[in-house]
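A.B. asks: How does the following fold in three dimensions:
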Amino acid sequence: MRLPDPRDKPFHTVAETVPYLPEGIGEKAIRAAIDAGQIPSVRVGRRILVPTAALWALVGLTPDSSAADPATGSAATPKLTLAKGVHDNGDTPPAA
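C.D. replies: Next up is the predicted model:
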């Protein structure tokens with residue numbers, strides 16, 4: 001899936017963000033990363049919106065780059081580090 005140009009679609013809901021991030025990172029993990037300040041967001045009422053430009057930065061794209069590696073034709077896998085104690089499924093581990 002190719003990220004849209006930020007000029008065409010400036011924001012995404014949390015649910016719309018999921019397909020652009022690595023497999024295994026779901027809505028709960030994205031919300032936890034937003035709460036931890038790792039993913040920029042804008043709150044409009046109860047809605048949480050992620051700027052498309054922030055998604056581009058998360059996956060390592062710039063307006064002049066392509067989502068696919070020209071050598072292999074495959075999309076690059078972005079690296080997202082979640083807050084300490086947050087699992088990819090969004091669950092917090094039990095207290096030690």
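A.B. asks: was I right about R31 contacting R43?
C.D. replies: No. In this structure, R31 is not within contact of R43 by CB atoms under 8 Å, at 11.7 Å. Placement of C-beta: from N, CA and C, glycine included.
A.B. asks: More neighbours: the two, which one.
C.D. replies: Using other CB atoms under 10 Å, the more surrounded residue of R31 and R43 is R31, with 17 against 9.
A.B. asks: so that one, which of the three states?
C.D. replies: Secondary structure, DSSP: H, G, I helix; E, B strand; the rest coil: R31 is helix.
A.B. asks: Alpha carbons only: can I get stretch 19-26 in CSV?
C.D. replies: Below are the C-alpha coordinates for stretch 19-26, written out as CSV (Å, rounded to 0.1, in the frame of the first residue of the first chain):
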residue,chain,number,x,y,z
PRO,A,19,-1.7,-0.8,7.0
TYR,A,20,1.3,1.5,6.5
LEU,A,21,3.2,0.2,9.5
PRO,A,22,5.0,-3.2,10.0
GLU,A,23,2.8,-6.3,10.4
GLY,A,24,2.0,-6.9,14.0
ILE,A,25,1.6,-3.3,15.0
GLY,A,26,-2.1,-2.7,15.6
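A.B. asks: buried sites along it?
C.D. replies: 20-21, 25 (16 or more other CB atoms under 10 Å).
A.B. asks: State the distance from D35 to E16.
C.D. replies: The gap separating D35 from E16 is 18 Å, by CB to CB, to the nearest Å.
A.B. asks: again, but for E27
C.D. replies: Distance from E27 to E16, counting by CB to CB: 10 Å.
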